[in-house]
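Undergrad: The following block contains a protein sequence and its predicted model.
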There are 2 protein chains.
Amino acid sequence: MPHSVAGPEIERLIQLLARLPGLGPRSARRAALHLIKRREQLLGPLTEAIRVAHERIVVCSECGNVDTADPCTICRDERRDASIIVVVEDVSDLWALERAGALTARYHVLGGVLSPLDGVRPEHLNLDKLVARAARPEVREVILALNATVDGQTTAHYITELLAHMPVRVTRLAHGVPVGGELDYLDEGTLAAAIRQRTTF
Amino acid sequence: MPHSVAGPEIERLIQLLARLPGLGPRSARRAALHLIKRREQLLGPLTEAIRVAHERIVVCSECGNVDTADPCTICRDERRDASIIVVVEDVSDLWALERAGALTARYHVLGGVLSPLDGVRPEHLNLDKLVARAARPEVREVILALNATVDGQTTAHYITELLAHMPVRVTRLAHGVPVGGELDYLDEGTLAAAIRQRTTF
């Protein structure tokens, strides 16, 4: 959109919105227009919500989660099982596991996975802190809840080596058929894993 | 995501982002996280851009466009052909036509199309102002650049009736094969229109 049409203020808003994941140039234009048209209901509250988030949200120095408190709500929660650390790539994975509600352990957010192609090396990840936490006497298990991608699995192997000398048990998520998934649409690797790790019905 | 995990501030940000077109619950979570993680590069500038937009952007009282000035940049541009008014449903359509650069006329943004199902009636659209503008002596043509949907075409017919007693020429966009489009993927209506409106090669 040329500057002369809508002015640099709208253009700037579109450019910034287009940098959000999931918004391309076209949907960023639609989002900007939507924000402008619903100024009272949406633009004001969103400005305020972003300002509050900008001011108050911090990264937990213990686990790498984002929250308004440091240590975060999860790390401070005494009811959670402190003997298990669930290692995730990103905060969105932590949120996904919390939505699943499958366990009430502590987490450790790596902030990425090892990726030689993208230049992500061990020193770029939140690994030193993980080793320090895993060395604590109350920790008995580290669950590697990393994506089943090449980089995710490379990182899982790296962490397993890193913790090999410690008395903690290192586990990973099961592979298998997604609940509700149709076999015909699954790749051979998943199917083979699902058969290998079959359980008694 | 339960409140206890990330706090009400992040939850509020996610809820507001999810109201933008193109962002579902999942991508709103990713967008919120992206904003929080890139606080300095993105959260601050976006807060500022939204604040500036909130303060400065107004709806043009002449044509319904959004801009930081009223009348808008287009309505004030003396180099534009004041004899043609291009009627569009929404500002995004105005932007699309400006990107195409096919004409330098004035616009008129309806703010929607007639839709009995959605309860959109003539009084909800920016029609009175259109009639007033079309009555001005310098206006010779009104181009109905409305979507080729049922509601868009209903609205086009309604406007044609509305302007029937005036000495302006009412035209609409041509139907036909999109540039780069493959015939095999086009519907019969488009193909029939493309043949009816064929031009000499």
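TA: Yep, that arrived.
Undergrad: Might one say that A:Gly24 is in contact with A:Ile14?
TA: No. Between A:Gly24 and A:Ile14 there is no contact under CB atoms under 8 Å: 11.0 Å. In this view, the C-beta of every residue, glycine as well, is placed from N, C-alpha and C.
Undergrad: what's in contact with stretch A:38-48?
TA: Residues outside stretch A:38-48 that contact it (CB atoms under 8 Å, 6 or more residues apart in numbering or on different chains): A:34-36, B:13, B:16-17, B:19, B:47, B:50-51, B:53-54, B:57.
Undergrad: run the last query once more with 6 Å
TA: Here stretch A:38-48 makes contact (CB atoms under 6 Å, 6 or more residues apart in numbering or on different chains) with A:Leu35, B:Leu16, B:Ile50, B:Arg51, B:His54.
Undergrad: measure the fourth one to A:Leu35 for me?
TA: What that stands for is B:Arg51. 12 Å (CB to CB, to the nearest Å).
Undergrad: Please say which of these two ends up with more neighbours.
TA: The residue with more neighbours, out of B:Arg51 and A:Leu35, is A:Leu35; 25 against 16, by other CB atoms under 10 Å in any protein chain shown.
Undergrad: Next one: that one from B:Pro21, what distance?
TA: A:Leu35 is 10 Å from B:Pro21, where distance means CB to CB.
Undergrad: Closest to B:Thr199 out of the contacts of stretch A:38-48?
TA: Using CB to CB, A:Leu35 comes nearest to B:Thr199 of these, at 41.4 Å.
Undergrad: Mind listing what's buried along the helix or strand encompassing that closest one?
TA: Following DSSP states H and E, one finds A:Leu35 within helix A:25-37. Neighbour counts using 16 or more other CB atoms under 10 Å in any protein chain shown place A:Ser27, A:Ala28, A:Arg29, A:Arg30, A:Ala31, A:Ala32, A:Leu33, A:His34, A:Leu35, A:Ile36, A:Lys37 of helix A:25-37 among the buried residues.
Undergrad: same check, this time on stretch A:169-184
TA: By 16+ other CB under 10 Å, the buried positions in stretch A:169-184 come out as A:Val170, A:Arg172, A:Gly176.
Undergrad: Closest to the centroid, which residue in chain A?
TA: Nearest residue to the geometric centre of chain A (CA atoms, centre = their mean): A:Asp90, 2.3 Å.
Undergrad: and that one, what pLDDT?
TA: Looking at A:Asp90, its pLDDT reads 91.
Undergrad: re earlier: so between A:Gly24 and A:Ile14, which is more surrounded?
TA: A:Ile14 (22 against 11).
Undergrad: Name the residues that touch the longest helix seen in chain A?
TA: Criterion DSSP state H: the longest helix present in chain A is helix A:3-17. For helix A:3-17, the surrounding residues in contact (CB under 6 Å, 6+ apart) are A:23, A:28-29, A:31-32, B:45-46, B:49, B:52-53, B:56, B:67-68, B:98.
Undergrad: What number of residues are in the vicinity of A:Ala102?
TA: 11.
Undergrad: Return the residues of chain A in contact with chain B.
TA: Residues of chain A that fall close to chain B, judged by CB under 6 Å from any CB of the partner chain: A:1, A:5, A:7, A:9, A:12-13, A:16, A:20-23, A:27, A:30-31, A:33-34, A:36, A:39, A:43, A:45-47, A:49-54, A:56-57, A:66-68, A:73, A:91-92, A:95, A:98.
Undergrad: Buried among those residues? Make that a ChimeraX selection.
TA: Here is the ChimeraX command that picks out the buried ones among the residues of chain A next to chain B, judged by 16+ other CB under 10 Å:
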select /A:1,5,7,9,12,13,16,20,22,23,27,30,31,33,34,36,39,43,45,46,47,49,50,51,52,53,54,57,66,67,68,73,91,92,95,98
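Undergrad: Would you map out the domains in chain A?
TA: Following automatic domain parsing, one finds the domains of chain A at A:8-56, A:79-172.
Undergrad: Could you identify the longest strand within chain A?
TA: strand A:81-88 (DSSP state E).
Undergrad: Strand partners (parallel or antiparallel) of it?
TA: Strand pairing for strand A:81-88, using DSSP bridges, gives strand A:105-109 (parallel), strand A:141-144 (parallel).
Undergrad: List the buried residues of the helix or strand following the shortest one.
TA: Translated: strand A:141-144. With elements assigned by DSSP H and E, the helix or strand that comes after strand A:141-144 is helix A:150-162. Within helix A:150-162, the residues that count as buried by 16+ other CB under 10 Å are A:Asp151, A:Gly152, A:Gln153, A:Thr155, A:Ala156, A:Ile159, A:Leu162.
Undergrad: For the buried residues of helix A:25-37, please prepare a markdown table with the additional fields pLDDT.
TA: Shown next, in a markdown table, are the buried residues of helix A:25-37 (pLDDT from 0 to 100):
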| residue | pLDDT |
| --- | --- |
| A:Ser27 | 89 |
| A:Ala28 | 91 |
| A:Arg29 | 90 |
| A:Arg30 | 89 |
| A:Ala31 | 90 |
| A:Ala32 | 90 |
| A:Leu33 | 88 |
| A:His34 | 88 |
| A:Leu35 | 87 |
| A:Ile36 | 85 |
| A:Lys37 | 82 |
